[in-house]
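Student: Here is a sequence with its predicted model. Questions after.
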Protein chains: 2
Amino acid sequence: MTERDAANAEALRRLCESEPVLVDVRPAGEVVPAFEPNLILTSGAPLQFAEYEGGQREAIIGAALFEGLARSREDAIAQLASGTIRVDGCHDYGCVGSLAGVYTASMPVFVVENPPFGNRAFCNFYEGKERRRLNYGCYDEGVHERLLHVNDVLGPVLGEAVRSRGGIELGPIMQRAVQMGDELHSRSAAATLLFEEALALPLLGLARTSEAAVRALYEAFDGNDYHFLRLSMASCKAACDAAHGIAGSSVVTAMTFSCRGFAIRVSGLGNSWSRGPHATVQAKLFDGHTEDEITWMGGESIIAETAGLGGFAQAAALPLQRYQGGSAQAMIDRNLELYAITAGEHTKYRIPLFDYRGTPVGIDVLRVSETRITPAMDVGIPGRDGGQIGAGFIRAPIECFDAAANAYRERYL
Amino acid sequence: MTERDAANAEALRRLCESEPVLVDVRPAGEVVPAFEPNLILTSGAPLQFAEYEGGQREAIIGAALFEGLARSREDAIAQLASGTIRVDGCHDYGCVGSLAGVYTASMPVFVVENPPFGNRAFCNFYEGKERRRLNYGCYDEGVHERLLHVNDVLGPVLGEAVRSRGGIELGPIMQRAVQMGDELHSRSAAATLLFEEALALPLLGLARTSEAAVRALYEAFDGNDYHFLRLSMASCKAACDAAHGIAGSSVVTAMTFSCRGFAIRVSGLGNSWSRGPHATVQAKLFDGHTEDEITWMGGESIIAETAGLGGFAQAAALPLQRYQGGSAQAMIDRNLELYAITAGEHTKYRIPLFDYRGTPVGIDVLRVSETRITPAMDVGIPGRDGGQIGAGFIRAPIECFDAAANAYRERYL
């Protein structure tokens, strides 16, 4: 076994042996280390504010206004430019952002602990079914109201329920969900139901004191399959962070993109990002939308793929073909192909169609660079004018992996 | 189009266009037509009491004792033999029995309406996880207590919740569940969760007046995937009864078995049963059990297969391989083979792996007799000494189909 094999085996072990537990729900400013009141987090390898464009820029400005950090749009832009309001990348704070992925101090986050490795990760809330959302680059009165509802009603009551239950183990939920048609990125239908089931008794206990809030929570969840995504993201981030920082490992521990391009981070190469152009996309758009509307405004839900889920578990989630297009066979073939670029197979996420073979996990930059097979990822597709206009899958750009492979060879070979 | 084709197309239409709605939960004696206080229903084409043997006989005796119809086991046997306590087959009362499938007047039943065709069907409750259950031929103090808990706590609170919600449409739940790894016979994991979700708000509304009962209901459901089976059975029975009685149709509208053998009923052949020997079985037994323990004590949950689910939707429920044995490919091949014996494909239950092709539905006795391919059905396996000892799939005996095909030819050709 080479030094690289040994280091990658250790990264694989940490990815598989992580045990995410939801322990609390609190405002980011209270629980995320180093989160200052004037901080806004966003998706992607960090940029200067002036470099953010389109929907991601709008989301950052909207976040500043929502948080009350600025009196007006102009004031927000001025403060963001001068640095009075700071912008930074989610990943360095144990967070991951969905789409534009903006976080402000008042937003409640899921607090996920990973007891075997002693680390924590966070994710903020799904805003709801409405296509206009802050994380899709929209900010208006409706968006503001729905975010306040999350801050003031859904976050607090969920936090109380989670604490009263002494936490919720997310691993068993995620493992079962993969047997029930979820890949836990673009499809979390079963996991959302299993999470609701885990909450049923604690919520019943809160019914006497907080019936209206409990009712609001059920109404938010009812028939809405996306809630668990944020818990999946925090869980995957906890596993990936645990696998980061192993000398000699060529395993990817983060993939991210901003409006400007894609970037990856490798376990044995420290905290620097290997940057590249945008991913390529194959989308199924909602009725009335066209390909030229597709835009990039960031995204870190691809932490799911980094942890062996999402595109790496597509063959467990064939109903996705209706949402993001493609045939069952295309999804199966794509999933099988990805075994060529990973350090191994997941010991807990297993695919029934493959007679319970584990999902491919631990993307090895050297294998990607050699085989030219790049990670396939399931994502929501935002439109130029804000809002979600469809879903599909994207392929990470090879440039990031070539750059990281070169950096790895320089350092270790 | 022959007369038979037209009649079978009508049977298929009724199977597909049925819309099961859970409207109430009440004791069988209050809602099942012609249910007298001294009546016990059981699975299978009806027999004289003396003909019931093994676990099914034990279940009937247990039911008489549970209902308080007899002072002792001896008294129950005497009254059952003399006819003071009557035994009859479930199917003629709009009911279907799980395993031995005994019903007494006090047992709560799910009341499922089928508005497009104006008929009703019923099913009593799952007794819980304990392997010793009345419907698996066991009756003792523990079984008695768990049945009382269903009668006195779970049935009434569930009934109140269902009525307060104005009923629950089961069709959408079942269609979604087939996208989530359920075939709604041996696997109802997703459907149970979706049903719980539909109940969440009504149960919250009952928390103030009946918190203990609501808590008990959640405790019964928590992590227990089998609850929905009884709703699936009642729904399938409603669809099959709607498709029964079409002159010229060779489509099977009921399959059933007792301890003595298998039997089927055909849409165009009235209410008589075509009887045959037992099915053949391929089982995966729980640890510590052996094949020679396997016994027959009746079963009508195969109404699922009659309606295009269960074994006819195995390729949508590959996780079943862990419970009942076999590989993914074997399940897929078996499912594909069944298209050769059905009148058509379901318009609502669709298999993601087959790019949303509908499940094979409307078993045609002539096609079975010609192809010698018999229906494959997913079932729980009972042991000689009572209780569940495993799960597996069974193949209906060809003799029933040959007999029905002959009867059909005599009548129509």
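Tutor: Done, it's in. Numbering: from 1, shown residues only, chains lettered A, B, ... in the order given.
Student: And stretch A:318-335, what's buried?
Tutor: By 16 or more other C-beta atoms under 10 Å in any protein chain shown, the buried positions in stretch A:318-335 come out as A:318-321, A:323-326, A:328, A:331-332, A:334-335. Every C-beta, even on glycine, is put in place using the N, C-alpha and C of the backbone.
Student: Specify which member of these is nearest to B:C16.
Tutor: Nearest to B:C16 among those, counting by C-beta to C-beta, is A:P319 at 20.1 Å.
Student: Check the contact between the closest one and A:R187; I expect there is one.
Tutor: Yes: the criterion here is C-beta atoms under 8 Å, and A:P319 meets it with A:R187 at 6.7 Å.
Student: Which neighbours do these two have in common?
Tutor: Residues touching both A:P319 and A:R187 by C-beta atoms under 8 Å, 6 or more residues apart in numbering or on different chains: A:G181.
Student: Could you point out the longest helix of chain A?
Tutor: The residue-count maximum for a helix in chain A (DSSP state H) belongs to helix A:189-221.
Student: just checking, what packs against that one?
Tutor: helix A:155-164, strand A:168-169, helix A:170-178, helix A:227-242, helix B:189-221 (3 or more C-beta pairs under 8 Å, 6 or more residues apart in numbering or on different chains; DSSP states H and E).
Student: mean confidence score for it?
Tutor: Per-region confidence: helix A:189-221 scores 94 on mean pLDDT.
Student: I figured A:L204 hits B:G205, correct?
Tutor: No: counting by C-beta under 8 Å, A:L204 does not reach B:G205; the two are 11.6 Å apart.
Student: More neighbours: these two, which one.
Tutor: Comparing A:L204 with B:G205 by other C-beta atoms under 10 Å in any protein chain shown, the one with more neighbours is A:L204, at 21 against 18.
Student: Next, work out how far apart the more buried one and A:E211 are.
Tutor: In this view, A:L204 and A:E211 are 10 Å apart by C-beta to C-beta, to the nearest Å.
Student: Just the strands from chain A, written as ranges.
Tutor: Assigned by DSSP state E, chain A shows strands spanning A:21-27, A:39-42, A:86-89, A:108-114, A:119-124, A:168-169, A:252-258, A:261-266, A:274-276, A:280-285, A:342-351, A:357-363, A:376-382, A:388-395.
Student: List the strands paired with the third one, with their directions.
Tutor: It refers to strand A:86-89. strand A:39-42 (parallel) (DSSP bridges).
Student: buried set for the partner strand?
Tutor: For strand A:39-42, by 16+ other C-beta under 10 Å, it's A:39-42.
Student: re earlier: among the helices and strands packed on helix A:189-221, which comes closest to B:V379?
Tutor: helix B:189-221 (16.9 Å).
Student: Start and end of stretch A:31-39, how far apart?
Tutor: Using C-alpha to C-alpha, to the nearest Å, one end of stretch A:31-39 lies 14 Å from the other.
Student: Please state the mean pLDDT value computed over that stretch.
Tutor: Mean pLDDT, computed over stretch A:31-39, is 98.
Student: same question, stretch A:100-110
Tutor: pLDDT averaged over stretch A:100-110 gives 98.
Student: Report the distance from it to the chain centre.
Tutor: 13 Å (C-alpha atoms, centre = their mean, to the nearest Å).
Student: returning to that earlier point: from the buried residues of stretch A:318-335, which single one is nearest B:T295?
Tutor: A:L318 (37.6 Å).
Student: Kindly provide the distance from that closest one to chain B.
Tutor: As judged by C-beta to the nearest C-beta, to the nearest Å, A:L318 and chain B stand 4 Å apart.
Student: Make sure A:P116 is actually in contact with A:P20.
Tutor: No: the pair A:P116 / A:P20 is not scored as a contact, 10.1 Å apart, by C-beta under 8 Å.
Student: Show me the domain layout of chain A.
Tutor: Using automatic domain parsing, the domain parsing of chain A gives A:3-234, A:245-412.
Student: Now render the ones you listed as a markdown table, adding distance to B:I77.
Tutor: Output for those, formatted as a markdown table (distance: least, C-beta to C-beta, whole Å):
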| stretch | distance to B:I77 |
| --- | --- |
| domain A:3-234 | 43 |
| domain A:245-412 | 47 |
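Student: Relative to B:K284, which of those domains is closest?
Tutor: Closest among the domains of chain A, using C-beta to C-beta: domain A:245-412, at 14.3 Å.
Student: who in chain A is up against chain B?
Tutor: By the rule C-beta under 8 Å from any C-beta of the partner chain, the part of chain A lying against chain B is A:176, A:179-181, A:189-190, A:193-194, A:196-197, A:200-201, A:203-204, A:207-208, A:211, A:214-215, A:218-219, A:221-223, A:318-319, A:321-322, A:327-328, A:352-356.
Student: Report the buried members of these.
Tutor: Buried among those (16+ other C-beta under 10 Å): A:176, A:179-181, A:189-190, A:193-194, A:196-197, A:200-201, A:203-204, A:207, A:214-215, A:218, A:221, A:318-319, A:321, A:328, A:352-354.
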